[in-house]
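Enquirer: Structure for the following, please:
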Amino acid sequence: MSNGVGAAWRDAWLLDGGRTAFVDYTGALAPVSPIDLGIKVAREALRRAAMPAATIGTVIAGSLAPASFDAYVLPRHIGLYAGVPAAVPAHLVQRVCGTGIEVLMQAADAVTHKGVDAALCVGTESMSRNPVAAFTHRNGFRMGQVEFRDFLWEALRDPAPDLTMGGTAENLAKQYRISREEADGFAARSFALGLAAQADGFLDGEIFPLVSETLRLDGYADRAIRLDRNVGTVDRDTHIRPSPVEALARIRPAFGGVQTGGNSSGVVDGAAAGIVVAGGWLRAEGRTPLARLVAGVAVGCPPEVMGIGPVPAIQSLLQRTGLRLADIDLIEINEAFAAQVLACARELGLDEHRLNIHGGAIAIGHPLAATGLRLAITLARSLRRLGLRRGIASACIGGGQGIALLIENPEKNT
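Expert: Here you go, the predicted model:
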């Protein structure tokens, strides 16, 4: 198997970052364009990092579905309305569920090799605004051949192996002999850890509250976040809820096996942002970063078992850095499906106490392009909170890929 495509960085740093609350599909964030969510988290990340927007040298944004008619200009408008100078370029990244991690990897490349001091990194996704679309009617409609389809539902199927994403998880459940009881048990753990992280305020520390507001840029049209009139402030993840095994066991299978709506990732809307800076700028400004970005890698794997992607990605990352799994204190593997994460943990020989210690996407939700940034920010904050040194954020990727990012606590990197 290929060793993948990756890089290591000696002097790239995640200065700070955060995210919106992740809100259930068709909930309070459903009216809001992902561009406006991206603008808001970009502004808040700059504010939290005490970073002048004029210092940003490039804007790197990720988003998957075209969830507004101005989707083409998503990265550019996020940068402009966040206050970044008009001369600074912006571009879009799309590596499906690995997009947010890819954004950070490209930012580390930019501050290392492309002559910029700082990169503004954003992942933003509105699952609610995925369109009902037709791709074959530009020349009109023929009688009986109108083919509008749900983009979100269709996007969760890979036509190459002719499997839904859930079907790929069922393949792993069979291969690794993962039972329904084990999948529900892992999901219950995710919800319990998420509830605990919410109750003790850990998750509050990474969430930027949202209210209805106008997003202005002098000389240009106003944009806005407009929540439903009955919604005041959005500041808590809504998918996290008490979910004991007994309740999860009553949910019907979604793909004919062990996976259900209860032990799969939550469908949510949300956005996340971070600031990646060069070491020279960091030291000149006397700043304390959240984490060092050490190395990252993306690899391919068979589409029919796409959920195993974190395994070869993490293995390649360890090989490239000369580390062992025992050297890694915490690991975040995106919880696309319970069986998928359990298969990765079994293949790696990963003990549970290091894995997703504040819950994962089964509890918190998975807004596709935002997830990787959320994983990295949560992981960095966890390392700092616990006084640990190294962590890996990883995700499986629809179509058959895996991605992994190694970060280090700057207070423990000697």
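
Enquirer: Where does the residue lying closest to Phe208 once chain neighbours are set aside sit: helix, strand or coil?
Expert: Nearest residue to Phe208, sequence neighbours excluded (C-beta to C-beta, 6 or more residues apart in numbering): Glu44, at 4.0 Å. (Glycine included, C-beta is placed from N, CA and C.) What DSSP: H, G, I helix; E, B strand; the rest coil gives for Glu44 is helix.

Enquirer: Ok, Ala119 next?
Expert: Ala119 ends up strand, using three-state DSSP.

Enquirer: how close does it get to Thr20?
Expert: 20 Å (C-beta to C-beta, to the nearest Å).

Enquirer: neighbour-wise, which of the two wins?
Expert: Ranked by neighbour count (other C-beta atoms under 10 Å), Ala119 and Thr20 place Thr20 first, with 31 against 27.

Enquirer: was I right about the residue nearest to Phe208 contacting Ala273?
Expert: Yes - with contact defined as C-beta atoms under 8 Å, Glu44 counts as touching Ala273 (7.1 Å).

Enquirer: Just list the residues touching the nearest residue to Gly307 once chain neighbours are set aside, thanks.
Expert: Spatially, and ignoring its direct neighbours in sequence, Gly307 is nearest to Gln340 (3.1 Å; C-beta to C-beta, 6+ apart). By C-beta atoms under 8 Å, 6 or more residues apart in numbering, Gln340 lies in contact with Thr168, Ala169, Leu172, Gly307, Ile308, Cys396.

Enquirer: dump the residue contacts of Ala61.
Expert: Ala61 neighbours (C-beta under 8 Å, 6+ apart): 38, 74-75, 78-79, 90-93, 103, 121-124.

Enquirer: which of these count as buried?
Expert: 38, 74-75, 78-79, 90, 92-93, 103, 121-124 (16 or more other C-beta atoms under 10 Å).

Enquirer: Which of the residues you listed sits closest to Ala50?
Expert: Nearest to Ala50, judged by C-beta to C-beta, of the buried ones among the contacts of Ala61 is Cys121 at 16.6 Å.

Enquirer: what bridges to that closest one?
Expert: Ile60, Gly274 (DSSP bridges).

Enquirer: As a quick check, tell me the outermost residue of this structure.
Expert: When each C-alpha in the chain is compared with the mean C-alpha position (C-alpha atoms, centre = their mean), Met143 comes out farthest, at 42.1 Å.

Enquirer: in what helix or strand does it lie?
Expert: Using DSSP states H and E, Met143 falls within no helix or strand.

Enquirer: Could you report the pLDDT at it?
Expert: Looking at Met143, its pLDDT stands at 85.

Enquirer: where's the most centrally placed residue in the chain, which helix or strand?
Expert: The centroid of the chain falls nearest to Thr371 when counting by C-alpha atoms, centre = their mean (1.2 Å). Using DSSP H and E, Thr371 maps to helix 368-386.

Enquirer: Now do that helix, average pLDDT.
Expert: Per-residue scores along helix 368-386 average to 98.

Enquirer: continuing past that helix, what's the next helix or strand?
Expert: Taking DSSP H and E, what comes next after helix 368-386 is strand 390-397.

Enquirer: partners of that following strand in the sheet?
Expert: Strand 390-397 has these strand partners (DSSP bridges): strand 330-333 (parallel), strand 401-408 (antiparallel).

Enquirer: how about these in CSV, adding distance to Gly194 and mean pLDDT?
Expert: As requested, the strands paired with strand 390-397 are exported to CSV (distance: least, C-beta to C-beta, whole Å; pLDDT from 0 to 100):
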stretch, distance to Gly194, mean pLDDT
strand 330-333, 13, 98
strand 401-408, 21, 98
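
Enquirer: out of those strands, which comes closest to Ser33?
Expert: Judged by C-beta to C-beta, the one of the strands paired with strand 390-397 that comes nearest to Ser33 is strand 401-408, at 26.4 Å.

Enquirer: Using neighbour counts, pick out the buried residues of the closest one.
Expert: Applying 16+ other C-beta under 10 Å to strand 401-408 flags Gln401, Gly402, Ile403, Ala404, Leu405, Leu406, Ile407, Glu408 as buried.

Enquirer: Taking helix 368-386 as reference, get the angle to it.
Expert: 30 degrees (axes from the mean of the first three to the mean of the last three C-alpha atoms, to 10 degrees).

Enquirer: ok, Leu282 touching Leu290?
Expert: No - judged on C-beta under 8 Å, Leu282 makes no contact with Leu290 at a distance of 11.2 Å.

Enquirer: Touching both of these two, which residues are there?
Expert: The contact lists of Leu282 and Leu290 share Trp13, Leu15, where a contact means C-beta under 8 Å, 6+ apart.

Enquirer: quick revisit: out of the strands paired with strand 390-397, which is closest to Arg389?
Expert: Going by C-beta to C-beta, the one of the strands paired with strand 390-397 nearest Arg389 is strand 401-408, 6.2 Å.

Enquirer: With just CA atoms, put that closest one into PDB.
Expert: Written as PDB, here are the backbone C-alpha positions of strand 401-408 (Å, rounded to 0.1, in the frame of the first residue of the first chain):
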ATOM      1  CA  GLN A 401      -9.100   7.600   2.000                       C
ATOM      2  CA  GLY A 402      -7.700   8.300   5.400                       C
ATOM      3  CA  ILE A 403      -6.000  11.400   6.900                       C
ATOM      4  CA  ALA A 404      -4.000  12.000  10.100                       C
ATOM      5  CA  LEU A 405      -2.400  15.000  11.700                       C
ATOM      6  CA  LEU A 406       0.200  14.900  14.500                       C
ATOM      7  CA  ILE A 407       0.200  17.800  16.900                       C
ATOM      8  CA  GLU A 408       2.200  18.600  20.000                       C
END
